[in-house]
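Asker: Quick check, what structure comes out for this input:
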Amino acid sequence: MPVVRPYRPADRSALVDICVRTGDAGEDARALYPDPELLANIFALPYVEYEPQLAFVVDDGGQAVGYVLGTSDTPAYVTWLRREWLPTLARRYPLPAGRPATRAEEMIALLHQPERILVPEVAAYPAHLHIDLLPAYQGAGNGRALMTTFLAALARGGVSAVHLGMASTNTRAGAFYARMGFHEIPVPAERGTTYFGRSTDPP
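Answerer: Sure thing, here's the model as predicted:
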């Protein structure tokens with residue numbers, strides 16, 4: 001049976017794979033991004049570098065097949081992204097000249113704008129997270145186990161609330177977050193993205 005355990009450095013390649021295979025509103029995004037590490041370099045790998053104690057995976061007995069990761073302090077994380085993470089990737093992913101022409105260029109533009117994560121409407125929810133699970137392991141309680149583990153880790157660290165953002169078209173994920181006790185937070189300026197938040201009290 002799959003089990004939830006802390007992230008290990010040996011899980012890096014699995015995180016990259018999971019991130020891109022769920023990177024199109026929960027669907028496989030490998031055809032959209034020629035560099036399979038692009039999405040992970042934005043939405044997964046910096047978190048395990050910055051705050052590995054808040055990274056957990058579902059292990060099917062051979063490798064990681066899902067993960068939850070995030071940060072306890074979004075403003076501090078954004079400062080670290082700007083000062084430490086982005087400089088290591090700027091040459092590999094130069095900022096596109098002009099308006100992005102492809103999905104990959106859109107993501108690269110996001111990489112160069114870490115301050116986009118600072119959304120005033122969610123400031124009362126200082127932590128944020130990303131959770132992804134390969135389709136074959138969804139609907140079996142693995143997502144709930146990941147989320148419960150992550151919330152408990154935040155609570156032990158004295159963090160009172162957490163938020164997340166997702167593509168508004170991903171209605172299946174939205175239903176999952178509602179079942180986990182998250183509520184929608186209106187952010188009028190963010191078209192195409194829906195934000196959810198909740199306390200870190202047990203679900």
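Asker: all contacts plus neighbour counts: C-alpha atoms, from now on.
Answerer: OK.
Asker: what's near enough to touch the most centrally placed residue in the chain?
Answerer: Centroid-nearest residue in the chain, with CA atoms, centre = their mean: residue 130, separated by 2.3 Å. In this structure, residue 130 makes contact with 43-44, 68-70, 164, judged by CA atoms under 8 Å, 6 or more residues apart in numbering.
Asker: Confirm it sits in a helix?
Answerer: No. Residue state for residue 130 (DSSP: H, G, I helix; E, B strand; the rest coil) corresponds to strand; a helix is not indicated.
Asker: Across the sheet, point out what pairs with it.
Answerer: Beta-bridge pairing of residue 130 under DSSP bridges involves residue 69.
Asker: Poorly predicted segments of this protein, please.
Answerer: Counting by pLDDT under 70, the low-confidence segments of the chain come to 203.
Asker: How are the helices of it distributed by residue range?
Answerer: 12-21, 38-43, 45-50, 74-80, 86-89, 103-111, 142-156, 171-179 (DSSP state H).
Asker: Format those as TSV; extra columns: mean neighbour count.
Answerer: Below are these laid out as TSV (neighbours: other CA atoms under 10 Å):
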stretch	mean neighbour count
helix 12-21	21
helix 38-43	20
helix 45-50	19
helix 74-80	17
helix 86-89	14
helix 103-111	18
helix 142-156	19
helix 171-179	15
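Asker: Which one of these lies nearest to residue 30?
Answerer: The minimum distance between residue 30 and the helices of the chain falls on helix 12-21, with 5.9 Å, by CA to CA.
Asker: For the contacts of residue 130, which single residue is the most surrounded?
Answerer: In terms of neighbours by other CA atoms under 10 Å, the contacts of residue 130 top out with residue 70 at 29 neighbours.
Asker: Touching, that one and residue 47? I think so.
Answerer: Yes. Proximity of residue 70 to residue 47 meets the contact threshold set by CA atoms under 8 Å, at 5.7 Å.
Asker: if we can go back for a sec, quick one: the residue nearest to the centre of the chain from residue 196, how far?
Answerer: Going from residue 130 to residue 196 by CA to CA, to the nearest Å gives 12 Å.
Asker: Near residue 59, how many other residues are there?
Answerer: Neighbour count of residue 59, defined by other CA under 10 Å: 20.
Asker: Contacts only, for residue 149.
Answerer: residue 56.
Asker: From residue 202, how far out is it?
Answerer: Counting by CA to CA - residue 149 and residue 202 are separated by 10 Å.
Asker: Ok, residue 42 next?
Answerer: Separation of residue 42 from residue 202 (CA to CA): 29 Å.
Asker: which neighbours do residue 70 and residue 47 share?
Answerer: Common neighbours of residue 70 and residue 47 (CA under 8 Å, 6+ apart) are residue 55.
Asker: related to what we said a few turns ago, so which of the helices of the chain is nearest residue 189?
Answerer: Across the helices of the chain, residue 189 has its closest neighbour in helix 103-111 (16.1 Å, CA to CA).
Asker: what's the closest one packed up against?
Answerer: helix 38-43 (3 or more CA pairs under 8 Å, 6 or more residues apart in numbering; DSSP states H and E).
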